[in-house]
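**Q** sequence plus the predicted model coming up.
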Amino acid sequence: MSRPARLALVDGTVFHGQSFGATGEVSGEVVFNTSMTGYQEILTDPSYCGQIVTMTYPLIGNYGINPEDVESDDLSLRGFIVREVCRHESNFRSNQSLGDYLAANNIIGLEGIDTRSLVRRIRIHGAMTGVISTEGGDDASLVEKARQSPELAGLDLAREVIPRGSSAWSEGLNAIVRDPVTHGYGGLHDLETADGPLVVAIDYGMKLNIPRHLKQLGCRVQIVPGTWSADQILDLQPAGVFLSNGPGDPRPLDYAITTIQGLLGKVPVFGICLGNQLLGLACGAEIFKLRFGHRGANQPVLNKETGRVEITSQNHGFALSADSMPSNVEVTHLNLNDQTVEGIRHRDFPAFAVQYHPEASAGPHDSHYLFGQFREMLQQA
């Protein structure tokens, strides 16, 4: 049963709607995602830890929830906002409604507000802290709670989603996903790659489709916590190291930056999203916070080497500063909406990274080739 719910922002704006999913009160950074589909992958992306996600597409939940499309075992976001939630899902793969899924994972959903007005406010004034509540109290007190809640910048949110232990990964791509190297389709689950090169994937909040792609390359994949040191990783004798995505501000992750510095020049390195920012920081570049971030499946990116434009899936609120890039690091990709850095490559060591998500599911798949480039780098090392 739904009940009245509100969203209060630090600027004093309050939106009144109805709840779905869990009830209660939570705070977080309010952001928006422009994807038309893929809400289940968004909900289970650990990179949204600490955030309240608003979907710009007006109807969400129409194909329900299924266990095959999750990107992690838990939901790390703080809340979920839609214009209208679909209560009659239609999909042969679905085994649960969106509302029931949120309730089971103790996530508050808010519907019935003017999401266009909310998104315009965020675009103009920037992402800001907010509180979703199904509890009592007046609007002014809820706004004050938002103002007293911590801002996302400066927090080490990765520690909330980093796994505690190391584990081997065996699953390849789903049958409906195109292979990044052969351009055929996946479906090779539990791949046997006993003789493949070992890739150590450092998990700062990694989406599961990333190790699926690495496994599809024919690699052996060992996932290790983002808190591991360079010595611990090198003791595994990897052929290469992958730096994963993850939530929040990369600057507090001094332990990760130190580890990457200890790996550069010793093994090939490939990073995605937070991994791109951490590689840049490890090389001496600086980070700044974007006004409202890039979140969606339709971001145009220029590959400076080929001149081709790739449509990409993105989810980040921080970016590397192009002006701070050291001389031994080359900017390889640019966002065509705002000219921010979307990819870098080290000039002296076999190390590169991109800010967007080439593994994205639901798509687009324009950037699958990057996994093939990583495989070639492993063979040349």
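**A** Sure, I can see it.
**Q** so where's the stretch 101-250 of the chain shaky on pLDDT?
**A** In the predicted model, the stretch 101-250 of the chain carries pLDDT under 70 at residues 175-194.
**Q** which other helices and strands contact the top strand by length along the chain?
**A** Secondary structure of the chain per DSSP state E: the longest strand is strand 287-303. In terms of contacts (3 or more Cβ pairs under 8 Å, 6 or more residues apart in numbering; DSSP states H and E), strand 287-303 is packed against strand 25-33, helix 115-125, helix 274-283, strand 309-320, strand 329-335, strand 341-346. C-beta: built from backbone N, CA, C; applies to glycine.
**Q** again, only using 7 Å
**A** Packed against strand 287-303 by the contact rule (3 or more Cβ pairs under 7 Å, 6 or more residues apart in numbering; DSSP states H and E) you find strand 25-33, strand 309-320, strand 329-335.
**Q** for I162, find the nearest of those.
**A** strand 309-320 (17.5 Å; Cβ to Cβ).
**Q** convert the closest one to PDB, retaining C-alpha atoms only.
**A** Output of strand 309-320 as PDB, limited to C-alpha atoms (Å, rounded to 0.1, in the frame of the first residue of the first chain):
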ATOM      1  CA  VAL A 309      31.900   9.200 -32.000                       C
ATOM      2  CA  GLU A 310      30.700   6.500 -29.600                       C
ATOM      3  CA  ILE A 311      27.300   6.600 -27.800                       C
ATOM      4  CA  THR A 312      28.100   5.500 -24.200                       C
ATOM      5  CA  SER A 313      26.500   4.700 -20.900                       C
ATOM      6  CA  GLN A 314      27.800   6.800 -18.000                       C
ATOM      7  CA  ASN A 315      27.400   7.200 -14.300                       C
ATOM      8  CA  HIS A 316      29.700   9.600 -12.600                       C
ATOM      9  CA  GLY A 317      29.600  12.900 -10.700                       C
ATOM     10  CA  PHE A 318      33.400  13.700 -10.800                       C
ATOM     11  CA  ALA A 319      35.900  14.100 -13.700                       C
ATOM     12  CA  LEU A 320      39.600  14.400 -14.300                       C
END
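**Q** and it, which strands flank it?
**A** strand 287-303 (antiparallel) (DSSP bridges).
**Q** any idea of the mean pLDDT for the partner strand?
**A** Mean pLDDT, computed over strand 287-303, is 97.
**Q** what about the nearest residue to Q339 once chain neighbours are set aside, neighbour count?
**A** In space, and not counting its chain neighbours, Q339 is closest to A322: 7.9 Å by Cβ to Cβ, 6 or more residues apart in numbering. Around A322 sit 14 other residues, with neighbours defined as other Cβ atoms under 10 Å.
**Q** numbering from 668 from now on, please.
**A** Yep, numbering from 668; the last one is A989 now.
**Q** mind checking how far A989 is from N758?
**A** Applying Cβ to Cβ, to the nearest Å, the value for A989 to N758 is 43 Å.
**Q** then N729?
**A** For N729 relative to N758 (Cβ to Cβ), the value is 8 Å.
**Q** ok, back up a step: give me the contact list for the longest strand of the chain.
**A** Residues outside strand 954-970 that contact it (Cβ atoms under 7 Å, 6 or more residues apart in numbering): 698-702, 705, 789-790, 793-794, 820, 917-918, 944, 948, 976-988, 1000-1004, 1009, 1023, 1027, 1029-1031.
**Q** now with 6 Å, please.
**A** Outside of strand 954-970, the residues within contact range by Cβ atoms under 6 Å, 6 or more residues apart in numbering are 698, 700-702, 789-790, 793-794, 820, 917-918, 944, 976-977, 979-986, 988, 1000-1003, 1009.
**Q** what residues of it count as buried?
**A** 954, 956, 959-964, 966, 968-970 (16 or more other Cβ atoms under 10 Å).
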